[in-house]
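*Asks:* Give me a 3D structure for the following:
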Amino acid sequence: MRFLPTMGRSPIGLDIGSRLLKAVQLDCVRGRRVVKASASIMRSQPDVPFNHDEVKRLSRVLSQQGFVGRKFVLAAPSEQMMSAVLDMPPRDSGAPYQVIARQEFARLQNQEPGQFEVSYWDIPQPTRSSSEQVMAVGCAHADTDPLLDVFVDCGFDVSAMDSGLCAAVRACGEQLESTQNISAVLDLGWGSARLGLVHDSVVVFDRTLSSSGMGRLHGRICEALAIEPAEADCLIQRIGFAATDADHGRADGRTHAVASQIRSIFTSYLKEISKELEASFEYTSHQYPGAKPHRLILIGGGGAVPGVAGQLDTMVVPEVMPADTSDLETWGDWSGASGEPAMMATALGLASYYDQR
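*Replies:* Reported below is the predicted structural model:
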């Protein structure tokens, strides 16, 4: 049983990326949840497992930026997350659902049932299925225990670990809407891109898109232009797809010279992703024939690049837009967060983990 906080500060929602740490904490003001503190912090040791030194550094930075308490809700490591749709017996059959779900999930993942944690939820029954189905996600203890241990060793309390994708869907709930069509959240992270499809307000499809992380795009740009990673970062954020011809006229010579090359590489990258999206939407439309692609919400580092949502919108059927959490009142500001709210959507959803239960 969980005793749910009904007011006051939330746990700190922490999204640990390959290069960035994103943290959000909420408070309750006049009966409404507001963002009390937020931060986006460059990791001191990118692309390596999170360790004790980084936790201690994180603690100092969060304290300086107004975070309170030692409770965290973490996103499970995205690239190690497993997912599957499970065929289950009827709910009223009296069958031991938790046991069956764990065993079936283990079988599909070629794992032993005791080697991972799994969570599942009911999904709308597909038209062509005669059995009840649940969506299940899990992560191996070997992938989560080392992360939990470093927080515990440093005196922190990890009160929950959640799917980052589910957290992002929670944060983007107002944009996804409760329709009978198919909506989606696409997380364009550094190490990988992850897609979640939502039907009737629940995630019915969860997939990591192979070789589609922003790091791959970044590497292509560095190689094509023979530039250092830091310069590639600046150029990607400065150019994107949003600049107009007038903006080009005001840009420095270097930016103007490489703009077309960067956009060409970016367009190729988005075309690859659009093919993956089309296949995923086609699969879900086959499961739910009456449901059509409706809207796609873009989050993560890729979602924060100027104009990317508009460019992807020209390549796929559903309407594409960046994350927008303007329905959530902000108390203070987002000054510690770069690229919000697309960058901060997962951390925001983690911070509201207990509010939706």
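
*Asks:* can you pull the contacts of Pro13?
*Replies:* Residue 13: Gly, not Pro. 23-25, 72-73, 167, 346-353 (C-beta atoms under 8 Å, 6 or more residues apart in numbering). Just so you know, the C-beta spots here come from the backbone N, C-alpha and C atoms, and that holds for glycine as well.

*Asks:* Let's see that with 6 Å instead.
*Replies:* Residues in contact with Gly13, defined by C-beta atoms under 6 Å, 6 or more residues apart in numbering, are 24, 73, 347, 350-351.

*Asks:* Which secondary structure state is assigned to it?
*Replies:* strand (DSSP: H, G, I helix; E, B strand; the rest coil).

*Asks:* so how far is Leu350 from it?
*Replies:* The spacing between Gly13 and Leu350, counted by C-beta to C-beta, to the nearest Å, is 3 Å.

*Asks:* who touches both of those two?
*Replies:* Shared contacts of Gly13 and Leu350, counting by C-beta under 6 Å, 6+ apart, come down to Val73.

*Asks:* before we move on, back to that, so of the contacts of Gly13, which ones are in strands?
*Replies:* 24, 73 (DSSP state E).

*Asks:* per-domain residue ranges of the chain.
*Replies:* Domain segmentation of the chain under automatic domain parsing yields 12-79+142-177+325-356, 81-141, 178-322.

*Asks:* helix or strand for Gly301, which one?
*Replies:* Per DSSP states H and E: Gly301 is located in helix 300-303.

*Asks:* go on, His256?
*Replies:* helix 253-287.

*Asks:* ditto for Asp233
*Replies:* With DSSP H and E as the test, Asp233 turns up in helix 229-239.

*Asks:* Can you give me the buried ones in that helix?
*Replies:* The neighbour-count criterion (16 or more other C-beta atoms under 10 Å) identifies 232-233, 235-236, 238-239 as the buried residues of helix 229-239.

*Asks:* That one packs against which elements?
*Replies:* helix 214-225, helix 253-287 (3 or more C-beta pairs under 6 Å, 6 or more residues apart in numbering; DSSP states H and E).

*Asks:* Comparing those helices by mean pLDDT, which bottoms out?
*Replies:* Here the lowest mean pLDDT among these goes to helix 253-287, at a mean of 88.

*Asks:* packing partners for it?
*Replies:* So helix 253-287, by 3+ C-beta pairs under 6 Å, 6+ apart, packs with helix 214-225, helix 229-239.

*Asks:* rerun that using 8 Å as the cut-off
*Replies:* Applying 3 or more C-beta pairs under 8 Å, 6 or more residues apart in numbering; DSSP states H and E, one finds that helix 253-287 makes contact with strand 182-188, strand 193-199, strand 202-209, helix 214-225, helix 229-239, helix 245-250, strand 293-299, helix 308-313.

*Asks:* re earlier: going by distance to Ala291, which of the buried residues of helix 229-239 wins?
*Replies:* Each of those was scored against Ala291 by C-beta to C-beta, and Ile236 proved nearest at 34.7 Å.

*Asks:* List the residues that contact the closest one.
*Replies:* So Ile236 contacts 217-218, 221, 262, 266, 305 (C-beta under 8 Å, 6+ apart).

*Asks:* Could you do Gln311 as well?
*Replies:* Counted by C-beta under 8 Å, 6+ apart, Gln311 has contacts 241, 266-267, 270.

*Asks:* just Ser260 next, same as before
*Replies:* By C-beta under 8 Å, 6+ apart, Ser260 has no neighbours at all.

*Asks:* Give me the distance between Leu20 and Met214.
*Replies:* Taking C-beta to C-beta, one finds Leu20 at 11 Å from Met214.

*Asks:* Output the contacts of Gly13 as TSV; include the columns neighbour count, pLDDT and distance to Glu132.
*Replies:* Formatted as TSV, these follow (neighbours: other C-beta atoms under 10 Å; pLDDT from 0 to 100; distance: C-beta to C-beta, whole Å):
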residue	neighbour count	pLDDT	distance to Glu132
Val24	33	95	35
Val73	24	97	29
Ala347	31	95	33
Leu350	31	96	29
Ala351	32	95	32
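
*Asks:* As TSV, the contacts of Gly13 with distance to Arg107 would be great.
*Replies:* Listed next are the contacts of Gly13 as TSV, based on distance: C-beta to C-beta, whole Å:
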residue	distance to Arg107
Val24	37
Val73	30
Ala347	34
Leu350	30
Ala351	35
